[in-house]
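Trainee: Got a sequence here, can you build the structure:
(chains A and B)
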Amino acid sequence: MRLTESQAVIRPRSPWEALDLGVRLAREHLRVLMISWALLTLPVLALLTAALWNYPSVVILVFWWLKPLFERLPLHILSRALFGETITVRQALTVYPQFLKVQLLSSLLWRRFTPKRSFLLPVQQLEGLSGATRQARVRILTQENTQAASWLTIVGAHIEMALYVGLLGLIYLFIPSQIVEQLDWLKLIDVEAHGLLWIEHLTNLLYALVLLVWEPVYVACGFSLYLNRRTALEAWDIELVFRRLRQRLMGAVHLLVLVGVVGMLLLPPPALAEEITAPAMCPLPPQEVAGPDAPHLLNQPLNSQVARQHMSAILASPPFKNEHTQLQWHVGQQGKDKKSSAESQGMHWRDLEVLLAHAARFLEVLLWTLLVLGTGLLIWRYRVWLKLFTRRTTAKPTSPIDTPHQLFGLEVAPNSLPDDIPGEAERLWHQEPRKALGLLYRGLLSHLLHDFHLPLKEAHTEGEILELSKSMPRADIVDYLHNVTMQWQRLAYGHQMPTQETLKALCHQWRILFNSQVPA
Amino acid sequence: MTEPTVTPTPPDHSAQRHRASSLAQSLRQALNKALIGQSAVIDDVLTALLAGGHVLIEGAPGLGKTLLVRALARCFEGSFARIQFTPDLMPSDITGHAIYDLATEQFKLRKGPAFTHLLLADEINRAPAKTQAALLEVMQERQITLEGRALPVPQPFMVLATQNPIEQEGTYPLPEAELDRFMFKLYIDYPGEEDERALVRQVTRSTRSDMLDVTPLRPLLQAKEIMAIQKIAADLPVDDQVLDYAVRLARSTRNWPGIMLGAGPRASIALLRGARARALLRGGEFVLPDDVKLCALPVLRHRIRLSAELEIDGVTVDQVLRQIIDQSPAPRL
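Mentor: Numbering: from 1, shown residues only, chains lettered A, B, ... in the order given. Next comes the predicted model:
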């Protein structure tokens, strides 16, 4: 391989540019590539079809499986053609059996499905590597450009399908419409039963034709990716520059050597006396302590020690040494010593981590607070609901502990009532008879609530209070309550006014019942 | 606080009321004799009759639902029809239809069983919704449209429907619109021990083998008298506070937690009408909050629908309603 003879310009490219180069390369040698591919694959397909006529699907599967073997031929042609060696179809086909044997099984088994197939093919075929060395090589090569290689295979599969379907469509378009109308498409579902195997074989052939177009491009693209990777790895472009430099300078060097030799020849030979007398005339001085510690050097006005001090002073000052003080804030790092400048970069990161950790802690506290508040809010929002559920589980209090201060909109607390209720009622009778009777009823309820601890609620009607009061031991009070309630109901709901005598009788009874026994 | 206008009641009104309530009470006594141990249900049914409403009675088999209706029909001299609801019952089987008379060569209207005073719709939930819907018009408007002609049903008209809560297989639940037209929904429960003893004694003595005899009952009221009592009941004075209480009770079902669908305005109307009838039945001359409160359960229980959570928890409608009634303040004066 002579880089200088490369047909393509060798320089580092982006992967996509490299793929572009591959397409260009394939187009350049399209004729050779396609003919050789056709001569290689079509007979194989014909053989397979003949052998497995009844299993067209198996034929296409096997054909597809053998693709890596076929790809070796275009790669061989391309690798030769890149460096200017035009190769004929015949030459290519004669050397092809040599490549065929190399790593046959691995190519067809575990390496069959790698998406980087075309990128890695040159490693085994052109570099001839196998086993661990190949692994190492692949590891280096696949550090970059692998994505492009994988995408190449994926896009390639799609292009194959597109071309294949396109070809089918094209054939369909060529069928006359009269025949299309008579076609029984259902037969195509089970071609075997209807003796239409040839259709399947025809589609197999279409696939082989598609490969004829695409595979050379695929191999060329993989090859160009490989070249690009090696250009970057081994600095081929720089090597090329050096080579050109050498070529250019080689003539000048030859001339210089020639001039040098001629000059040597022209110089006069040295005098014989010089060679003999020189040592005798000037004997070598005796061996002394050499170096800067020699006493004769130390005794000089500027001895080596002083010079050394001077030197170190100079080295310690700019531009050899630049010292500057920098003040920085560090979170939680007070106890730690100053780090060297090399470590300070790392410290920035650590500070950032600490900062992040604090932020995370803060966020955690915030979230927990939100959760607690949210739960509280939910409970508050649905408190009525919750009450509804808890009410049924907890036992109902048998009697309300706190007595209501109001019943039926009437104040029944003892301190809200006048001391002399019947007197007040009689006084009110002339102006507001309703208020007067209301006061009597109210006072009676107050007595029931506070003196007899009757469990009265706001929801109780007058009739229910009457019913409740029947459990009281005082029959006279129950009777009195009955009377007052009747009069009160008649006035309030029936709008029937009691006579003054009735009220007077009620007030009189009140005085008898309460003034004597219960202090009002 | 409203200041009542105190007007002495005219004596003739009072006498009428007195007579009406004594008639109603004698009816109650007669029914109590026929149906033993169900005085509460009899009171409610009579209340509905006086208020001109319809009743849906729910109860286990054999508790005397049908007997009650038959006894009621017998006690007042009116027509009585009974429809046994079955899955294949058609709307025209209830309302009537036109048939072609070959002799006169004309279409003749053949009135259905709904043209009656008392209509017993037995096991109403056994018929599909289209047949149940045949009752909608007659229950609300007291008329039946046949062949494009609206024909009034005789007055008073009352539908008493029964349904069985146990068997759910092959039944069609009543739609809300139908339920809303019933003034009361009553639960008829097992009689008490003492009552049951009396019941067994009486049944085994009667000529019919397994049920109480209603033949000894004699008609107490004419249809016209029922109409008069209904009118008197409708005229009973009601204080604004009592009216407010009835409305408040109905309204509180609409935003009560645990109730998905509250009662509509028909509930407030039914509450007040029921309270008036109950006051008359009690012999009172005006409506008390107690009358409203006693009507609240039968009026509201079929008009609300509980939310799914409470239903899953096994809470009954009555429990929730009792809670509502228990927490609604009685009238304030």
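Trainee: give the contact list for residue B:185.
Mentor: Residues in contact with residue B:185, defined by Cβ atoms under 8 Å, 6 or more residues apart in numbering or on different chains, are B:55-58, B:179, B:298, B:301-302. C-beta here means a position set from N, CA and C on the backbone, and glycine is covered the same way.
Trainee: Look at the residue nearest the centre of chain B and report its pLDDT.
Mentor: Compute the mean C-alpha point of chain B, and by Cα atoms, centre = their mean the closest residue is residue B:55, 2.5 Å away. Residue B:55 is assigned 90 on the pLDDT scale.
Trainee: do residue A:194 as well
Mentor: The model's pLDDT for residue A:194 equals 68.
Trainee: do residue B:261 as well
Mentor: As predicted, residue B:261 sits at a pLDDT of 84.
Trainee: what sits against it?
Mentor: Contacts of residue B:261 (Cβ under 8 Å, 6+ apart): B:176, B:304-305.
Trainee: ok, it to residue B:255 distance?
Mentor: Going from residue B:261 to residue B:255 by Cβ to Cβ, to the nearest Å gives 12 Å.
Trainee: quick one on the thing from earlier: most surrounded residue in the contacts of residue B:261?
Mentor: Counting neighbours by other Cβ atoms under 10 Å in any protein chain shown, the top entry in the contacts of residue B:261 is residue B:304, with 22 neighbours.
Trainee: Could I get the full set of strands for chain B?
Mentor: Assigned by DSSP state E, the strands in chain B fall at B:55-59, B:76-77, B:80-84, B:96-101, B:106-111, B:118-122, B:143-146, B:149-152, B:158-163, B:184-188, B:221-222, B:259-261, B:305-306.
Trainee: same deal with chain A?
Mentor: Remark: strands assigned in chain A by DSSP E are A:406-407, A:410-411.
Trainee: In the top helix by length along chain B, which residues are buried?
Mentor: In chain B, taking DSSP state H as the definition, the longest helix is helix B:11-34. Using 16 or more other Cβ atoms under 10 Å in any protein chain shown as the test for burial, helix B:11-34 gives B:16-17, B:20-21, B:23-24, B:27-28, B:30-31, B:34.
Trainee: farthest-separated two in the residues you listed?
Mentor: Maximum pairwise distance in the buried residues of helix B:11-34, criterion Cβ to Cβ, is 27.3 Å, between B:16 and B:34.
Trainee: show me what contacts the closest residue to residue B:273 other than its chain neighbours?
Mentor: What sits nearest to residue B:273 in space, not counting adjacent residues and going by Cβ to Cβ, 6 or more residues apart in numbering or on different chains, is residue B:51, at 4.2 Å. The contact partners of residue B:51, taken as Cβ under 8 Å, 6+ apart, are B:183, B:230, B:233, B:270, B:273-274, B:276-277.
Trainee: Check what pLDDT residue B:51 gets.
Mentor: Looking at residue B:51, its pLDDT is 87.
Trainee: How about residue B:254?
Mentor: At residue B:254, the pLDDT value in this model is 87.
Trainee: what's the burial count for it?
Mentor: 13.
Trainee: Look up how far residue B:309 lies from the nearest residue to it once chain neighbours are set aside.
Mentor: Spatial nearest neighbour of residue B:254, chain neighbours left out: residue B:262 (3.1 Å); criterion: Cβ to Cβ, 6+ apart. In this view, residue B:262 and residue B:309 are 16 Å apart by Cβ to Cβ.
Trainee: With residue B:44 instead?
Mentor: According to Cβ to Cβ, residue B:44 stands 30 Å off from residue B:309.
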